[in-house]
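A.B. asks: What would the 3D arrangement of this be:
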Amino acid sequence: MGPPSSHMALLLLFCLLYPSLMLSSSSSSPLPTVPVDELLHHTQISDARLLNRRILGDCSNLNPYLRIDVAPGGPLPEEANVTVVIGGVLAPDESDWVAMVTPANADLSSCPLNDLLYKQTGDFSSLPLLCHYPVKAQYVSNDPLYLNCSKKKCEEHEDNRCLVHTCSASLTFHVVNFRTELEFVFFTGGFAAPCVLTRSNPISFANPKQPLYGHLSSIGSTGTLMRLTWVSGDENPQVVLYAGGRCATSQVSTFMQDDMCSGILPSPAKDFGWHEPGYIHTAIMDGLLPNQTYSYRYGSDMVGWSDENNFKTPPASGSTKLSFLAYGDMGKAPLDPSKEHFIQPGSISVVKALRNEIMHRNVDSIFHIGDISYATGFLLEWDFFLSLIAPLASRVPYMTAIGNHERDYVDSGSVYITPDSGGECGVPYETYFPMPTMGKDKPWYSIEQATVHFTVISTEHDWTDNSEQYNWIKEDLESMDRSRTPWSIFLGHRPMYSSYSSILPNVDSRFVKSIEPLLLKNKVDLVFFGHVHNYERTCAVYQKKCKAVPVKVDGIDTYFNEHYAAPVHAIIGMAGFSLDRFPDRTNEWSLVRIAEFGFVRVHATTEVLTVEFVSSNTSEVRDRFQISRGRGSSLVQM
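C.D. replies: Got it, this is the predicted structure:
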């Protein structure tokens, strides 16, 4: 949707008249600590949920004292911890709970068939099956003083004697600016048979049009262009001010409920998981120099401005050094004790560790290879995820690959017919994370930074011989100039090798048969995949056989590629989702297996590629290996 021409003229005039606009600085607050045990088991398959739920309606509530007080009661800032006080309770019960709902006044009738809608996204946790998705839910007993009524208030008294006293509780909910009014609803009956006791007044955000969640991505391989993407409630173009006075105007896009996929069974994205996404702004910052730091902010005088941020451009293709971070399957977790649709318990500790990494080390880029937010059709989850990664993605390019939980849905054109995206079918992903791809719903691309040529593919789109993506992969790998970028790194979501096995296969032999020969033929050095939620490293492997194994050099496993043997594969899907445990039985090609949350740190020079798996909980390097272009006297050819 285009803006009025007068508005565009004002933006252009603004860019011309204010080239030296001073940028105000602000410091970001640390992430709160949430114990991991609070988050466990919410995304695991649990006992089947009860099916004999009664129809939800108003409880037989004759309590005149019941009330909900919220502080702050609005208007809310762009991020806040809201205190919800449940007061006037006559008989506290373990089944009492509070939901955060948006938009306010949503339909809270009972929809037992929502059990299937949750399960189609892989979420088997016990959650309230309401016709409208509750964003967050907490049992009131989270306040340890509730059930024993330690917080008492006398409601009626006579002759200095209390005739009626009531109990209260306080709960904390973390909120971000998702642009729509919200309310808190007090239920009893637990999640299995809930009924409404009372609702709070609607609460709004101070500025629903506030520009938020700016994140960067690279365009091309020169380090001179950077894309900035942000979210706002404003449909008119805004600007980004950068590099001491330069200005770029945003292109504005969004997506609608009708853009979501669905089938005979309604998808969450098309049904009760829908939430208006606002407007997604994208602007191109040009005229930059590679490997330099710049300041910027974005927005407009009409709707407000972001805080000042600093970002660093990556080194140009052909430079001599590169440092980047990589992981898959991160998602998010609540920054409060709430239960949610999907919780990825390791995501908070991983983001904290990544934030520390960016603050104290040189980081040129981040690669997140699929299963990005795990919104899976519950669109509001994207806002929480974007807020979570903002301290990272606002400072260095945040490059992504698409995963099954962004793309797959029945009859949508995905390779796999699972409903893992909850009906999103890649639309929100591609809108929030525009990459330098081949076109709409063609989410594959390559990019070069310093010594590395990155080939990023979609394992969810057709990769069979002579398909469009297959031909692109073949052409991209064959076109690499190894004198400029000596290292070839291949990235995607679903792996070719994994020791972990589950009900559904994690490795598709058809994918391996089609793509693995291209990796060998074009001498790909290193392959990163996710999808399986652990860390695993292979030998130099082809067709399930070790073609070369590393040798110890100064205590570090080193693969010598002067006489190339085969790619080394590493699964790095351990950035958030509940971990997959390894079986006792191992494969010949599997050298290192670690089930811990973390990320990989990669440093590439012209001669050596060094990879470290870092535990997010301890900051300990749990695995380290090198690939060297030099000669190895102990090279083992097999």
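A.B. asks: Sheet partners, orientation included, of the one helix or strand His174 maps to?
C.D. replies: Assigned by DSSP states H and E, His174 falls within strand 161-176. Taking DSSP bridges as the criterion, strand 161-176 forms sheet pairs with strand 79-89 (antiparallel), strand 152-158 (antiparallel).
A.B. asks: buried set for it?
C.D. replies: Thr166, Cys167, Ser168, Ala169, Ser170, Leu171, Thr172, Phe173, His174, Val175, Val176 (16 or more other CB atoms under 10 Å). Just so you know, the C-beta spots here come from the backbone N, C-alpha and C atoms, and that holds for glycine as well.
A.B. asks: now stretch 346-361
C.D. replies: Gly346, Ser347, Ile348, Ser349, Val350, Val351, Lys352, Ala353, Leu354, Arg355, Glu357, Ile358.
A.B. asks: picking up where we left off before, pull the CA atoms of the strand holding His174 into CSV?
C.D. replies: Taking Å, rounded to 0.1, in the frame of the first residue of the first chain, the C-alpha atoms of strand 161-176 are listed here in CSV:
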residue,chain,number,x,y,z
ARG,A,161,-15.2,-7.9,63.9
CYS,A,162,-14.5,-8.9,60.3
LEU,A,163,-17.5,-10.6,58.8
VAL,A,164,-16.1,-11.2,55.4
HIS,A,165,-12.5,-11.3,54.4
THR,A,166,-11.0,-12.0,51.0
CYS,A,167,-7.7,-13.1,49.6
SER,A,168,-5.5,-11.7,46.8
ALA,A,169,-2.5,-12.5,44.7
SER,A,170,0.0,-10.7,42.5
LEU,A,171,1.4,-12.0,39.2
THR,A,172,3.9,-10.5,36.8
PHE,A,173,3.4,-10.5,33.0
HIS,A,174,6.0,-9.4,30.5
VAL,A,175,4.6,-7.5,27.5
VAL,A,176,6.0,-5.9,24.4
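A.B. asks: By mean pLDDT, point me to the weakest helix or strand of this protein.
C.D. replies: Of all the helices and strands that make up the chain, strand 636-637 has the lowest average by mean pLDDT, DSSP states H and E, namely a mean of 36.
A.B. asks: Would you map the strands across the stretch 451-600 of the chain?
C.D. replies: 452-456, 487-491, 526-529, 535-542, 545-549, 551-553, 556-560, 568-572, 590-594, 598-604 (DSSP state E, counting those that start in this stretch).
A.B. asks: any weak-confidence spans in this protein?
C.D. replies: For the chain, the stretches with pLDDT under 70 are 1-58, 631-638.
A.B. asks: show me where it has helices.
C.D. replies: Secondary structure of the chain by DSSP state H: the helices cover 5-17, 114-119, 347-360, 380-393, 404-407, 427-432, 468-478, 509-521.
A.B. asks: Out of those, indicate the one that is most buried.
C.D. replies: Across the helices of the chain, averaging neighbours per residue (mean count of other CB atoms under 10 Å) puts helix 404-407 on top, at a mean of 28.
A.B. asks: Off-centre distance for it?
C.D. replies: Counting by CA atoms, centre = their mean, to the nearest Å, helix 404-407 is centred 12 Å from the centre of its parent chain.
A.B. asks: Same check on stretch 111-126?
C.D. replies: A distance of 21 Å separates the centroid of the chain from that of stretch 111-126, by CA atoms, centre = their mean.
A.B. asks: again, but for stretch 366-376
C.D. replies: Relative to its chain's centre, stretch 366-376 lies at 5 Å (CA atoms, centre = their mean).
A.B. asks: Any idea how far apart the tips of it sit?
C.D. replies: Taking CA to CA, to the nearest Å, stretch 366-376 runs 23 Å from one end to the other.
A.B. asks: okay, now the domains of the protein?
C.D. replies: Domain assignment for the chain by the TED database gives 47-199, 211-628.
A.B. asks: Any idea which residue is closest to the centre of the chain?
C.D. replies: Geometric centre of the chain, nearest residue: Ser373, 3.0 Å, by CA atoms, centre = their mean.
A.B. asks: wait, doesn't it sit right on Glu381?
C.D. replies: Yes - with contact defined as CB atoms under 8 Å, Ser373 counts as touching Glu381 (5.7 Å).
A.B. asks: Mind listing the shared neighbours of those two?
C.D. replies: Lys332 (CB atoms under 8 Å, 6 or more residues apart in numbering).
A.B. asks: show me the contacts for the closest residue to Trp487 other than its chain neighbours.
C.D. replies: Excluding the flanking residues, the one nearest Trp487 by CB to CB, 6 or more residues apart in numbering is Val452, at 4.6 Å. Residues near Val452 by CB under 8 Å, 6+ apart: Leu322, Phe324, Thr485, Trp487, Ser488, Ile489, Ala604, Leu609.
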